[in-house]
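# I need the structure of the sequence given here:
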Amino acid sequence: MNKIIKKQQLNATNILLQINAEDIAKKAKPGQFVMLRVKEEGERIPLTIADFDENTITIVLQVVGKSSQEIAAMDEGDEILDLLGPLGTPSEIENYGTVVMVGGGLGIAPCYPIAKAMKKAGNKVIAVLGARNKDLFFWTEEFGTVCKEVLLCTDDGSAGIKGLVTDGLKIIIEKEKVDRVVAIGPMIMMKFVTLAAGDIPTVVSLNPIMVDGMGMCGGCRVNVAGKVKFACVDGPEFIGQDVDWNSLMNRAKAYSEEEHKCRLPRE
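Below you'll find the predicted structure:
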């Protein structure tokens, strides 16, 4: 039960785990997530489902602190103690026309199943993917199989254009009539992608503080269109133009001191 059947080091910081979780896999849809715990006294961690088939789910995590390091230390054949899901409201998949998927860093992974579903629904899908440098990208070939165009953006210019994903999005908007944008990545990235998109509806996947994933703790509450929503049950996806980004990012800093103590040193 919950056995890791594949482990793959995607790059220096990101690890892929394919997990045998038949009950979750059969019900999973793009945009949903799982809550994972590797040991009795361990932390409950929300991770978006990056892919799935009839019997397995795939997650991609970034090793940044103690808990993610514990998960990354597991090997093929090991079993995850607790795996709850699928949680959250699935992505809204319709034939919008032209959809631009904007993925930053780890956010590239959850963009992939949405991109596949958008293509299947008849959309023209374009991907704008961003990373600090070329070595931190993954799944670019997979995106190429479902997207008409894949534009890479790097901070140092080592792949694609030198610039942020907002620069890449602006390039696409200048030459295409874009009907919908989906942005997944760091909060600050999603905020500025929303601003760059202007009046184009922009779906963002929020990742605030989350404890139970079922709407009971209230830790993941966000202000959307003037109303309090819970990212775990009402989301995690919302229209970015409706999100109160300032309050969301302020709440995300609540445990910044504790997170700093658990963070691994960057090489």
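# mind listing the helices for the stretch 51-200 of the chain?
Remark: helices assigned in the stretch 51-200 of the chain by DSSP state H, counting those that start in this stretch are 66-72, 108-120, 140-146, 165-175, 187-197.
# what's the closest of those to Lys227?
Lys227 sits nearest to helix 187-197 of all the helices of the stretch 51-200 of the chain, at 17.8 Å, using Cβ to Cβ. C-beta here means a position set from N, CA and C on the backbone, and glycine is covered the same way.
# show me the strands in the stretch 151-267 of the chain, by range?
161-162, 180-184, 202-205, 221-224, 227-230, 237-239 (DSSP state E, counting those that start in this stretch).
# sorry, back to before: for the helices of the stretch 51-200 of the chain, give me a markdown table that also has mean neighbour count and mean pLDDT.
Output for the helices of the stretch 51-200 of the chain, formatted as a markdown table (neighbours: other Cβ atoms under 10 Å; pLDDT from 0 to 100):
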| stretch | mean neighbour count | mean pLDDT |
| --- | --- | --- |
| helix 66-72 | 17 | 88 |
| helix 108-120 | 24 | 97 |
| helix 140-146 | 15 | 96 |
| helix 165-175 | 18 | 98 |
| helix 187-197 | 20 | 97 |
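# how about those in a markdown table, adding distance to Ala231?
Shown next, in a markdown table, are the helices of the stretch 51-200 of the chain (distance: least, Cβ to Cβ, whole Å):
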| stretch | distance to Ala231 |
| --- | --- |
| helix 66-72 | 19 |
| helix 108-120 | 14 |
| helix 140-146 | 25 |
| helix 165-175 | 22 |
| helix 187-197 | 11 |
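# how about these, which one is nearest Ala28?
helix 108-120 (8.6 Å).
# packing partners for the closest one?
strand 45-52, strand 98-104, strand 124-131, helix 140-146, strand 180-184 (3 or more Cβ pairs under 8 Å, 6 or more residues apart in numbering; DSSP states H and E).
# make a markdown table out of the strands of the stretch 151-267 of the chain and add distance to Asp78.
Converted to a markdown table, those look like this (distance: least, Cβ to Cβ, whole Å):
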| stretch | distance to Asp78 |
| --- | --- |
| strand 161-162 | 40 |
| strand 180-184 | 28 |
| strand 202-205 | 28 |
| strand 221-224 | 34 |
| strand 227-230 | 32 |
| strand 237-239 | 31 |
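# dump these to TSV, plus mean neighbour count.
What follows is the strands of the stretch 151-267 of the chain, written out as TSV (neighbours: other Cβ atoms under 10 Å):
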stretch	mean neighbour count
strand 161-162	14
strand 180-184	26
strand 202-205	25
strand 221-224	19
strand 227-230	14
strand 237-239	19
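# among these, which is nearest Glu149?
Glu149 lies closest to strand 161-162 among these, at 12.7 Å (Cβ to Cβ).
# contacts for the closest one?
151-156, 167-168, 171 (Cβ atoms under 8 Å, 6 or more residues apart in numbering).
# partner strands of that strand, with direction?
strand 149-154 (parallel) (DSSP bridges).
# can I get the strand it pairs with in CSV, CA atoms only?
Extracted C-alpha coordinates of strand 149-154, given in CSV (Å, rounded to 0.1, in the frame of the first residue of the first chain):
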residue,chain,number,x,y,z
GLU,A,149,5.0,25.8,-28.5
VAL,A,150,7.2,25.6,-25.4
LEU,A,151,9.0,28.8,-24.5
LEU,A,152,11.7,28.5,-21.9
CYS,A,153,12.8,31.4,-19.7
THR,A,154,15.9,31.5,-17.6
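# what's the angle from that strand to helix 108-120?
If you take axes from the mean of the first three to the mean of the last three Cα atoms, to 10 degrees, strand 149-154 sits at 160 degrees to helix 108-120.
# what residues sit buried inside strand 149-154?
Buried positions in strand 149-154, judged by neighbour count with 16 or more other Cβ atoms under 10 Å: 150-154.
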